[in-house]
Each structure stands twice: as structure tokens, then as C-alpha cells.
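[1] Make a model of this:
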Amino acid sequence: ILLLNRLHVSLIPVLDLMDVLPITASEGEHSDSHDDEPLLSHHGDGGSYESSHSGDIYSTSTRSLRVYKRRWYILLLFCLVGFSNYISWNTWDPIQSSAKFVYGWDDSIIALQADWGLITLIVLPPAFVIILNRFGLRVAEVVSVLCMFVGAAARLIETRNTTVNTILVNFGQLMNGVGGIVPLAGATMLTMTWFPDSERRTATAFATGTQQIGLALSFLLGPLIVPEPLIPPKNHTTINISLTPAGSNDATIEWDIQAYLWTQFIVVAILTILILIYFPNRPMHPPTLVSTTQRQELWPSLLRIISEPKFWFLSFTYGFFNGFFNSYLAVIAIDLAANERLAFSQFLSGWLGFATTVIGAVSGMLVANLADRLRASNPIRKMLLALLVCGLLTFSIFVFVVKGNYTFEVTTARTLIFTMILLTGASSASTVPLIFELGSDILYPISEEMIGSALVLIQNVIGLGILLVFMIPGVGTSWLDYTVLGGILFAIPMMLMLNDTNYRIDPKDEDEPSSSSMVT
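    Have a look, this model is predicted:
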């Protein structure tokens, strides 16, 4: 770790060679001697833009604004960490039949693996807010990937004792959950630090959308790598095993699970090395003037958030729509497998989860890009209301098909289920970047990382409730669909009562750095 961190420091002069050329500012062509300063000098890599440097280059003038091409590399690393984290978080539900067969688990243990990620997102966000405020993005991201690395390694340890194996897997899921806080809570902080206002919502959507793609890939990779048992465990209710790929009941299932865990470990190890080599706190020059303004201190911000009705309206919207639906996706295989009429296998449920989250991630990026284009009219609240209504209608149809006494044939019912879950997932995922951006807009000057952490905490407190119910012996799944539907319905009046006045408007938004002022 120390050697890689030293390499990170040694890269600074190499990158400086790419920054010494004259830079054309948005107000006209301008060559500044300050461009010879190191991009990430020791005295500037953790402080504010103003306090860490002197000279008029850091005055409130558009002369100081720069947009760095490397912002996309920083965003890519950040996205890949969230991508990998979500794959690890949702390792077990898509292969729940195989995990039950190998480890002797039941539904409550499968749900517990997902619970750890939500528990850490409830307990630890305040600690990471302090880390982000005091040490910046680099330290927070390094802590995240190291926790993921430890968690991925712990899950590889295998003993002859099934109880010990279960404990190690739970510990690994816990550490992975710790590593998942910054990818969620730090997204708006990173995009505010590196991106101009015209790209910020789209960049936030990429940061949150790639996490959803990781979740989607877990639904696909798990069943493809790990075969479903030919003879399901006694607490598994799937009856149409012919829908799955070739199954197995021998020791190869255990080997396949280990291969899946090793693949995740190797990816996390590579990301850990890349983050240690180069992941700076911030660029030398800010992309917008508003990104340089002073945010409120930690404790005043916390007191204001607690007493601010706007925050609670927004967080309840986020929690009861996204929190409920995301938790439902984590156990969708269990819910659909319990319906004997539909005969959903883990393989078919895996494809449903995969398609839902991929379409959700893509739709989120498209919707956020539309919000960037319409930003002058402050459209986010209206777009959120439209997405909530769409989610309510589509999930209502899904509940009718699953729970109602219909006369559809199985193929028609499955088609309706796929379509409605896909549309609900697209609506849910599209709200995520909009909610984070809207929170930062209406609660400014509270810091972006504080708002993001608070939203994540409330969303996961609400979402955890669904997964905790699964810990009750014999609770079943008959209540699950109605609970999710009720959560979406409750979120709509929360958004209707929200005041969406934007207090984070850049004072000179029209003077943002143009493409001619981009540097490497």
C-alpha cells in the first residue's frame, strides 16, 4: 500500500508535463504562469481551492475555471468501485438454490447477506462524512476499496465447518458493505468537484447507474457460473427445473461458487491497485465557481438537515420508492419462486433482475442527460413526479398479475411480469441521480457528501425493513408485493409537498469553461 501510494505521488510531476501548455480560458485566450504548479501538490490536495493557494487565479473569476479531460478517468474508477461493490453485495440471491444446497442455508440466511450492506449504510455514513470532509475523496476511496478487498478475501477462506464458513461469508458481506458507502454518498461530491454544471447530472447518473449495472450483472453471472441443483433443497419451491441451465448435485457446485468468489476478488484487487496508484482529491482548478464556495460545517449541517422538512420529504420519497424496490430486487428470486403457478427458477429470475437493472441504469443516464439539457427550467421535481406515477402504475399491474385470479396462460403472465418489472425498475433507477442532485440544490450550502450520506442512510433504514421481515421464521412472501406497492404510493405525496427552489445555482453559470479550456 505504501509503495503504491508513493507511486501516486510520483505521478504528479509526470501529469504536470501535460499541464504546462498555455490554457485558453472562457473569457479569452490566457496563458498563466500558475499553470506550472503541480496538479496535486501536497499542500493543495486536501484543502480548499482558496485556502491552499494564493493569487488571482483562485479569485472568484472565470479565469480560474478549468475542465480536465482526466475527469472521465477519475469518474471511471469511481464507477468501477461501485460496480464491483454491487456485484459482491448481490452474490447470493441469484444463486440461492445452489447456496442452500452447498451451505445448508435457508431464506433468512440468504436475506441476511443482503442485510449487511444495508446495515453498514445505516450505521457508518456519519463516519465517512467526517473522512470526506477532513481528508477528501482519495482517503475515503482508498478506505472503501481496502474494505472491499478484505471482504472479498474473507469469503474465499473455506473450512470443513459449515458454521465457520457461514460466519466468514457474513464477515465478507459486512466489509463489502462498508466499502459501498462512498460510491453512493460521494457521487455528488465527486461530480461537483470535477465536472461543469452542464455535465454534472449526467456524471452523477453514470456514478449511480454503473452500480445498477453491477447489480444487473450479478443476476446474470451468478446463475451462469453456478449451476442450479437438479434436486432443489427442501425449502426451495421452484417446480420447473427444466428452465434452468444444466444442473448438478455433486461437488462441482461448490467449486463453481469458489470460482465466482475468486473472480470477484481479482477484480477488487485490480481496482485497489489502480486507486492507490492515482486517485486525487480534486483538480488544481475548479470546474465551476459554485464548487469553490464554502459549505457549512459538519455539526451545523447535521442540525439543519434534521430540522429541514424538505430533506424529510425527499428522503422519504427516495426510501419508499428506491429503498423498497431495491430490497425487493435483492429477494425477487425468493418471491417469484414461491408462486407455483408461474414456476420461476433462479435462472429465469436472474435474467429478470439483470434486464431490470440494466434498463434502469441506461434510463437513469438518459433522464439525467435530459435534466442537464433542461436545467435552466429547474425540471427535476416534475420529472421525479412523472417517474413516480409511472412506477406506481407498472408495479400495480405486476401485483395484479402475480396475486390476482387471472386466466392468463403462463407465457403471457411471465411476459407481463417481465415488462412491468422492467418499467418499474427503469422508473426507480432514473430517480436516483435526480434525487441526489435535487437534494444538493435545495439544501445548499450543506455539503454534497453530507446530503448524499443522509439520503443513503434514510433510504437504507427504510429498505432494510423489508429484508429484516424475512428473518421472522415462516413469514413467507405473501405480504411483500403489497408492501412495495404501498411504498411507491406513499412517495408521491412526499414529492408533491416538496419545495424545489434551487439554491445551488452557479453565480456565473453562463461563463463555465468551454471545450477550449479543457486540459489533460
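[2] tell me which helix or strand of the chain sits lowest on mean pLDDT?
    Every helix and strand in the chain was compared by mean pLDDT, DSSP states H and E; the lowest is strand 28-30, with a mean of 32.
[3] which ones are touching the closest residue to Pro125 other than its chain neighbours?
    Residue nearest to Pro125 in three dimensions, not counting chain neighbours: Ser453, with 3.8 Å by C-beta to C-beta, 6 or more residues apart in numbering. For glycine as for every other residue, the C-beta is placed from the backbone atoms N, C-alpha and C. Ser453 makes contact with 125-126, 128-129, 181, 185 under the criterion C-beta atoms under 8 Å, 6 or more residues apart in numbering.
[4] Of these, which is the nearest to Leu388?
    If you rank the contacts of Ser453 by distance to Leu388 using C-beta to C-beta, Ala185 comes first, at 22.9 Å.
[5] Need the pLDDT of the closest one.
    Reading off the per-residue confidence, Ala185 sits at a pLDDT of 79.
[6] Is it correct that it is in contact with Ile130?
    No. Counting by C-beta atoms under 8 Å, Ala185 sits too far from Ile130 to count as a contact (11.8 Å).
[7] ranking the contacts of Ser453 by neighbours, who comes first?
    Counting neighbours by other C-beta atoms under 10 Å, Ile181 comes out on top of these with 30 neighbours.
[8] Poorly predicted segments of this protein, please.
    For the chain, applying pLDDT under 70 flags the ranges 1-63, 230-251, 291-296, 343, 346, 406-407, 506-520.
[9] Just the element for Leu190, please.
    Leu190 belongs to helix 187-194 when elements are defined using DSSP states H and E.
[10] How far off centre is the helix or strand just after that helix?
    With elements assigned by DSSP H and E, the helix or strand that comes after helix 187-194 is helix 197-225. Between the centre of helix 197-225 and the centre of its host chain there is 7 Å, according to C-alpha atoms, centre = their mean, to the nearest Å.
[11] now stretch 371-378
    The gap between where stretch 371-378 is centred and where its chain is centred comes out at 23 Å by C-alpha atoms, centre = their mean.
[12] ok, back up a step: would CSV of the contacts of Ser453 with secondary structure be doable?
    Conversion of the contacts of Ser453 to CSV gives the following (DSSP: H, G, I helix; E, B strand; the rest coil):
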residue, secondary structure
Pro125, helix
Pro126, helix
Phe128, helix
Val129, helix
Ile181, helix
Ala185, helix
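[13] Quick one: list the elements packing against the helix holding Leu190.
    With contacts defined as 3 or more C-beta pairs under 8 Å, 6 or more residues apart in numbering; DSSP states H and E, the secondary structure elements packing on helix 187-194 are helix 71-89, helix 125-154, helix 197-225, helix 410-442, helix 448-469.
[14] mind putting those in CSV, distance to Ile397 included?
    As requested, the helices and strands packed on helix 187-194 are arranged in CSV below (distance: least, C-beta to C-beta, whole Å):
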stretch, distance to Ile397
helix 71-89, 27
helix 125-154, 35
helix 197-225, 22
helix 410-442, 5
helix 448-469, 21
